[in-house]
Each structure stands twice: as structure tokens, then as C-alpha cells.
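1. Dropping the sequence and predicted coords here.
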Amino acid sequence: NVFSLISTWQREESQSQDTHSVVLQRMQLEKKESSERDCHLDTCRIPEVPRLVYPKAQLLKPTRVDVLVMTPWFAPIIWDGTFDSAILDAQFRNITVGLTVFAIKKYVVFLKLFLETAEKHFMVGHKVNYYVFTDQPANVPQIPLQEGRQVVVLEVRNYKRWQDISMHRMEMISNFSQQRFLREVHYLVCLDVDMKFSDHVGVEILAPLFGTLHPGFYRGDRQSFTYERRPLSQAYIPRDEGDFYYAGSFFGGSVPEVYRLTMACHQAMMADQANGIEAVWHDESHLNRYLLYHKPSKVLSPEYLWDERMLRRPPLLRKLRYVAVPKNHAEIRNR
Amino acid sequence: PTELLTLTPWLAPIVSEGTFDPELLHRIYQPLNLTVGVTVFAVGKYTQFVQHFLESAEQFFMQGFRVHYYVFTNDPTAIPRVRLGSGRLASIIPIQGHSRWEEISTRRMETISQHIVERAHREIDYLFCLDVDMVFRNPWGPETLGDLVAAIHPGYFAVPRQQFPYERRPLSTAFVAGGEGDFYYGGAVFGGRVARVYDFTRGCHMGILADKANGIMAAWQEESHLNRRFISHKPSKVLSPEYLWDDRKPQPPSLKLIRFSTLDKDTDWLRS
């Protein structure tokens, strides 16, 4: 992750121009190439934390025995009880998080509740830029914001079909990643707007690349995942492959990684379009293909994406943090 | 799921058998063409451990990767030549011997950081700093790679933090107060990305120097400083005691596969 390298250069110890810091900087530059390739494999930052008081972890007492908390490639699966926010907030101080959300056509109506609840629950205490992509800037509501947080309205075109609106998010995020996000934020969180925050969503989610378990498939077998199954599509995944079914409504990571993901998905969708095929779940199908071959460095549990009307809440879900807001599909789409 | 905790509260993986898929990790790490370095210090009578260390490393350490052993010694002639597999090198680096074993022990951080600056940063991507009086008994692979890696000391993984043998005198830079601490890490194993190991060893060395100026030596020398530093610069990956075991202890059922452990030895004689 490029930003962790930069913060190392600027650490107080290296301020003096002695041989050690000069060599260290040269080392960082030389290693940047290789580390950007494998940076997504390591999820934790190593900035210094001040003396803190918190309960000690016990090696012989796993915090959760009812769920899997780590993938076989060492990505933490984030559940309540697995993390200590006091430590993480100290490790992630001085970062800015960008949140992208698309409010196109009638979906502007979701912004007020989305932003109000984000103010209460999303990255509280950290700097946040809400990037609101919309075709109606005048209809973006004015919400009182906490200090260090701002709304940036980005005017974009709409599409006639809701599927196209959904899919073109990838293109728009990749464009803006290059043009401005890289310079303005450390991490990007890409969310659906027809949702609200109902509990803490903090820096525990941040990693070079993360995806979220789709609430409808977290218990299923890979054969039951609704991956794209036609080999003609770029999003094709064979029946014997697949780690998880990730949701298109909640993904993110460092700006360079999100740029790579959204660019790859956009190009894959363009290729499909040229071949006269559209993946069964649109951008979500392409996201799943990308995350199968570019393993995320963190995975968010269904605490981070739930729909109370569609699913009965099981005991293993101790918190519901980001949940669907009821909507009339026929009413709201394609109008 | 194993009976061990698999994630620290700051979401660093705790590596133990069953938590990872070795084949998957190999497929992820192999294409990166990494070189992994190892530093060991074989001073005075400790040269006798090099052969067994290297032979066992050749069998179990980072199979399929490029490896570079750096053997620091005051007596290069005492270092045996060990046959190494392809893509694996050993360099013998002369250092000064010292009459007091404590001196030897506190110079390692300085030596490692200087070595990184002068040479290792050009030759390796990851570096492990290991004690030499140990052997590999089972595979040690890319599951251990990370930005900054610590290993849990086999003697203290089941006790409360108040009983950790931290340095408790506030005068020392390695001082840890009663309510602080995550795990007690062993000084015999640490590592990570070479730039991070540089930061880490340099930081420890500065603390050791400051203590020297104040006429104090921490209770467990470098291990005390290492533990102090790992509290404020938390490791991004933690190795379970499988990766740093003491053969004199009975193996608990929660530790499935001992990979790296001490050789039973007479420490008094060695340090004389």
C-alpha cells in the first residue's frame, strides 16, 4: 500500500538527513515496485501507537468459535468481538476515508437517511469525504456534518436501464480515482445508497482490498453461488471454484487497489457488451470474478450488509451495521 | 477451527497449523520471485550450532524460495560448509567477539540494522532474525511472511500479562507498565519486510544505547527491548509458539506442529 510507505518516510525519526534515513528512503523507492504487487497480502499498518489500556488477548481463548474469522489466505473476516477499536483507531489516526455513493434518478431520495446515519456510525472520529455521484446536484440534501467531514457532489450522467446505472459505477469510480481520489483520500469505501447505517462501521474494515459477504450466501456451498456461469462472459466462474459470494453493494480498499478493481471490472463489462452478453448480476458478477483471482486482504461479515425483510437474523449476527432500506423496486427503478 | 486464537485484537493473523492453506499461499507468493534472508549469530562456542541449524533449514525453511543466510561470527574458520539447495546462498560475515555474552546479545540489533543498510536491502525482500541454537523440525513457509512479524514466546503464552518478564524499571527504555502488553514475544524469532526490520532493529538499538548511557541493562537484554517496541509498533503477523518452541516443555494439544525449537543445551557452559 503506497500510503503506508509514504508515512514511513515522513516519520519523525527519519526527519534528519543522516545516512540511515537517506538509505531508508532509497530502499522504500526501490521496493515500491515489488511491494505494490504484494502489498495487498498484508493488512495491518505499523504506525506507532501511544500507551493504551485495553484487555489482553488470550492465545488459548479464541474470541469467536461459532464463525470463521480468518480466510485460508490470512484475510481477517470481520465479526463483532474480533477487533479492538481502541487499538485500531490509534493505528489509523490521520487517515482520510472516501465513501462513494450513487444517487441517480429517483435514488436521490435515499441520500438523507444514508448520510444522516453515516454521520452517526461511519468512521466516527476520522476524516471522511462523501463523494455523492448524482445526475441532480440540486437534490442532494444538506446534512449537518461532524468536523473533518465533507460532502463532495460529483455530477454524472444517468442511464435508461438500472442495470447500466449499476454497472457504470465501476467506470465512474475508476475515472475519479485517478483524477482526484488518489490525492484526496487514503481509502475508498464503495456503497449502495438505498441503505442505512445502524451500528458502528469503523477502521476495522480498512485494508488494501476488501469485500463483503453477501447476506444471502454466507452459509451456502460454492455451487449455489449465483456466479456468472456462461464461459462467454468475462465474469465466468466454473462450478468448482470460488471462495465466497461477495456483494456488489460494499467493497473498497486503498485508492490504487480500488482503481485496479474498478478498472478491471469496467473493462470486463465493455468486453462483454462487445460480445453481446450481460453478466447475470451485472457489476456484482464481475466483482466476484475479480476477488476470486485477486484475494481481498479483509472480508466483512454479513454484519456489514443485511436485509431484515429478506432474512431472519441468526444468533451469530451480534450486530447489524449497514442494512437495506425498504423500497418499491418497480417504483424506483427505470423511472 | 483450531483451539488457538487466530487473530489479534488489531486484526493481525496468528499463524498456526490449520489456519492457512499452504498450497494457496504458495500460489500467491511464488510468482513474486521473493528472496528471503535469515540472520544468525554464531559467536564463540555458538559456532557449533550452525551445521544443524543450516541442515534443518535446508530441509524445512522456505522450500521453493530463494534464500540467503547471513551467518555473523567472530570465527569464520569455525563455520562448516553446508550443502545448500539451488537458489540458496550463505554468506559468512565476520564480527567482533566480546568477552561478555551480554555484550554479544545486545549488539545484534545494531549489527542487523547496519547490515540491512550496507547490503541486505539490495539482496532480499524479507528478513528473519533467528537464534542459531535451534533447529527446524517441520515446514516453515510463506505463511510466515508479513510486514513485521513476531513470535509468541513458548514460556508465557498461557499466563496473564502481569507475569510477563518485561523490564519493570522505569529508568530503562524497555520499561513496560503493569497494565500494558499483548503477548510476550520471543527474541529468538522476528522478521518482516526488510525496510520494516530495519526500522525495528534500529529502534531497539537506540533504546539499548540510551540504557547503556544510563548504566542499565534490561532484564532480558534485546528481548526486553523487542517486547517494548512490539507494544507500540504492533506486528502485522504473529507466529504461534509452533514457530518458537522449547523442547523441554511438554507439547500442549493446542499446538499441532512444532516447526522450530531449541536444542537442549547447557547454557552456563556456552556463556562461559
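-> Here it is on my side, so go on. Keep in mind the model is a prediction, meaning the values are calculated, not measured. Numbers count the residues shown, from 1 in each chain, chains lettered A, B, ... in the order given.

2. Run through the strands of chain B in chain order.
-> Per DSSP state E, chain B carries strands over the ranges B:14-15, B:35-42, B:66-73, B:88-94, B:126-130, B:134-136, B:148-152, B:185-193, B:237-239, B:260-262.

3. partners of the fourth one, with directions?
-> When you say that, I think you mean strand B:88-94. Strand pairing for strand B:88-94, using DSSP bridges, gives strand B:66-73 (parallel).

4. Equivalent analysis for the longest one, please.
-> Partners of strand B:185-193 in the sheet, by DSSP bridges, are strand B:126-130 (antiparallel), strand B:148-152 (antiparallel).

5. Turn these into CSV, including mean pLDDT and mean neighbour count.
-> No exception for glycine: its C-beta is placed from N, CA and C like everyone else's. Below are these laid out as CSV (pLDDT from 0 to 100; neighbours: other C-beta atoms under 10 Å in any protein chain shown):
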stretch, mean pLDDT, mean neighbour count
strand B:126-130, 98, 26
strand B:148-152, 98, 28
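
6. returning to what we had before: out of the strands of chain B, which is closest to B:R108?
-> strand B:35-42 (5.6 Å; C-beta to C-beta).

7. Can I get the closest one in CSV? Just the C-alpha atoms.
-> What follows is strand B:35-42, C-alpha atoms only, in CSV (Å, rounded to 0.1, in the frame of the first residue of the first chain):
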residue,chain,number,x,y,z
THR,B,35,14.3,-13.7,-1.7
VAL,B,36,14.1,-14.4,2.0
GLY,B,37,17.1,-13.6,4.2
VAL,B,38,18.0,-15.1,7.5
THR,B,39,20.4,-13.7,10.1
VAL,B,40,22.0,-15.9,12.7
PHE,B,41,24.8,-15.0,15.1
ALA,B,42,27.3,-17.7,15.9
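
8. starting at the chain centroid, how far to that strand?
-> Its chain's average C-alpha position is 10 Å from that of strand B:35-42, according to C-alpha atoms, centre = their mean, to the nearest Å.

9. can you list contacts of that strand?
-> By C-beta atoms under 8 Å, 6 or more residues apart in numbering or on different chains, the residues outside strand B:35-42 that reach it are B:49-50, B:53, B:57, B:61-62, B:65-73, B:78-79, B:95, B:104, B:108, B:111-112, B:115, B:120, B:123-132, B:145, B:194.

10. Just the buried subset of these, written out for PyMOL, thanks.
-> Applying 16 or more other C-beta atoms under 10 Å in any protein chain shown to these leaves a buried subset, and the PyMOL line that selects it is:
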select buried, chain B and resi 49+50+53+57+61+62+65+66+67+68+69+70+71+72+73+78+79+95+104+108+111+112+115+120+123+124+125+126+127+128+129+130+131+132+145+194
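
11. For chain B, what's its nearest residue on the stretch 101-250 of chain A.
-> Closest approach between the stretch 101-250 of chain A and chain B, counting by C-beta to the nearest C-beta: A:E204, at 6.6 Å.

12. looking at it, that residue is touching A:L88, isn't it?
-> Yes - counting by C-beta atoms under 8 Å, A:E204 does reach A:L88; the two are 5.4 Å apart.

13. For the most centrally placed residue in chain A, give me phi and psi.
-> What sits nearest the mean C-alpha location of chain A, by C-alpha atoms, centre = their mean, is A:G252, with 2.3 Å. A:G252 adopts backbone torsions of phi 170, psi -170, taken as degrees, to the nearest 10.

14. follow-up on the earlier one: find the residues that touch each one of A:E204 and A:L88.
-> B:L11.

15. okay, the two: which has more neighbours?
-> Taking other C-beta atoms under 10 Å in any protein chain shown, A:E204 and A:L88 do not tie; A:E204 has more neighbours (24 against 21).

16. residues in contact with the more buried one?
-> A:E204 neighbours (C-beta under 8 Å, 6+ apart): A:78, A:83, A:85, A:88, B:11.

17. That one looks like it's in a strand, true?
-> No - A:E204: not assigned to a strand; according to DSSP: H, G, I helix; E, B strand; the rest coil it is helix.

18. neighbours around the spatially closest residue to it that is not a sequence neighbour, how many?
-> Once flanking residues are discounted, A:E204 sits nearest to A:F83: 4.5 Å by C-beta to C-beta, 6 or more residues apart in numbering or on different chains. Using other C-beta under 10 Å, the number of residues around A:F83 comes to 22.

19. State the helix or strand in which A:F83 lies.
-> Using DSSP states H and E, A:F83 falls within no helix or strand.

20. Spit out the contact partners of it.
-> When contacts are counted by C-beta under 8 Å, 6+ apart, A:F83 touches A:76, A:204, B:7, B:9-11.

21. Repeat that for B:Y69.
-> Taking C-beta under 8 Å, 6+ apart, one finds B:37-38, B:40, B:54, B:57, B:84, B:88-91 in contact with B:Y69.
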